[in-house]
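Trainee: Mind looking at a prediction? Sequence and model below.
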Amino acid sequence: QVQLVESGGGSVQAGGSLRLSCAASERTFRNYAMGWFRQAPGKERQFVAAMTWNDGGPIYADSVKGRFTISRDNAKNTVYLQMNSLKPEDTAAYYCAAGNRFVVVPQGYAYWGQGTQVTVSS
């Protein structure tokens, strides 16, 4: 079973940047598609970005396209989410996920991290 641990969240002003990291417990991480999702209080979990095991894709939600970049380092068992030009509406808990399917819905991912909070102030 893959364990995922996110880090890098925090508070930033609008227009700022953050880089989230997600470290996986196993080298089999490299066999999985990886995704980032976010969830704001009272809202459903929302797709942000995803990429395949071999750097295929990536795909982004329209709301983050051109501002966020997903990448992975299989040698370090880590996936990243570089977030630039942050907006207050990006405020949410961010989760990384691993799964066998390259999809944009949470149901397609079997393993989840505990989440890291991102807060963007205006």
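Mentor: Thanks, I have the structure now.

Trainee: what about Arg19, how many neighbours?
Mentor: Residues within reach of Arg19, counting by other CB atoms under 10 Å, total 14. Using the backbone N, CA and C atoms, a C-beta is placed for each residue, glycine as well.

Trainee: ok, now which ones touch it?
Mentor: With contact set as CB atoms under 8 Å, 6 or more residues apart in numbering, Arg19 has these partners: 8, 80-83.

Trainee: Which of those residues fall within helices?
Mentor: The members of these all map outside helices under DSSP state H.

Trainee: Sticking with the residue nearest the centre of the chain, tell me its helix or strand.
Mentor: With distances taken as CA atoms, centre = their mean, Trp36 lies nearest the centre of the chain, 2.5 Å away. Assigning secondary structure by DSSP states H and E places Trp36 in strand 33-39.

Trainee: buried sites along that strand?
Mentor: Neighbour-count burial for strand 33-39, counted by 16 or more other CB atoms under 10 Å, picks out 33-38.

Trainee: is it possible to export those to a markdown table including distance to Thr91 and pLDDT?
Mentor: Shown next, in a markdown table, are these (distance: CB to CB, whole Å; pLDDT from 0 to 100):
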| residue | distance to Thr91 | pLDDT |
| --- | --- | --- |
| Ala33 | 26 | 92 |
| Met34 | 22 | 92 |
| Gly35 | 19 | 95 |
| Trp36 | 15 | 97 |
| Phe37 | 14 | 98 |
| Arg38 | 9 | 98 |
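
Trainee: Noted, bye for now.
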